[in-house]
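**Q** Fold the stuff below for me.
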Amino acid sequence: MSKRRDLKLSEYGISRYRYRELYYWCLQYPKWGITDRRRKIVEDALHRALKAIYNGSRMDSLFVDILSSVTREDITYDHLYMRHSIPCSRSTYRRIRRLFFFLLDQEKRE
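**A** Predicted structure coming up:
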């Protein structure tokens, strides 16, 4: 893994190893075809997480930013803040990511 630390998802019932499985699964996102069902699972989970936490007018921009952060190793909050002026705080960003991985875990278990 890169310098990125594991998210603590124990409050969602997700172990460190399950998180890593989901994380590495998401890193394959750029290789999937546009019509691949796995892409839809990732995008739907992220849309649901954003709607649950963030109801701002710049939600589309935030979707693209957070999608890139969960599907690429080199994108961090600091990178998004400096380069893309991400429209949320670091704590909101982390809450969205945690909820995203929780929802993704539920989707993949079904």
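
**Q** which strands and helices sit next to the longest helix anywhere in the chain?
**A** What stands out as the longest helix in the chain, according to DSSP state H, is helix 90-109. Applying 3 or more C-beta pairs under 8 Å, 6 or more residues apart in numbering; DSSP states H and E, one finds that helix 90-109 contacts helix 16-27, helix 37-53, helix 59-71, helix 77-84. In this view, the C-beta of every residue, glycine as well, is placed from N, C-alpha and C.

**Q** show me where pLDDT drops low in the chain?
**A** 1-5, 56-57 (pLDDT under 70).

**Q** can you tell me how far S15 sits from V42?
**A** For S15, the distance to V42 (C-beta to C-beta, to the nearest Å) stands at 20 Å.

**Q** Which one's more surrounded, the two?
**A** V42 (23 against 10; other C-beta atoms under 10 Å).

**Q** So that one sits against L104, correct?
**A** Yes - judged on C-beta atoms under 8 Å, V42 makes contact with L104 at a distance of 6.8 Å.

**Q** residues shared between the contacts of the two?
**A** Taking C-beta atoms under 8 Å, 6 or more residues apart in numbering as the contact rule, V42 and L104 both touch C26.

**Q** ok now do W32, which residues does it touch?
**A** 38-39.

**Q** ok, now how distant is R94 from I86?
**A** Counting by C-beta to C-beta, the gap between R94 and I86 amounts to 12 Å.

**Q** Please apply the same query to V64.
**A** Taking C-beta to C-beta, one finds V64 at 10 Å from I86.

**Q** who has more neighbours, these two?
**A** For V64 versus I86, neighbours defined as other C-beta under 10 Å are more numerous around I86 (21 against 12).

**Q** Apart from its neighbours in sequence, what residue is nearest the more buried one?
**A** Nearest residue to I86, sequence neighbours excluded (C-beta to C-beta, 6 or more residues apart in numbering): L80, at 4.1 Å.

**Q** Contacts only, for that neighbour.
**A** 65, 68-69, 86, 93.

**Q** what's the most distant pair in the residues you listed?
**A** The span of the contacts of L80, defined through C-beta to C-beta, is set by S68 and Y93 at 12.3 Å.
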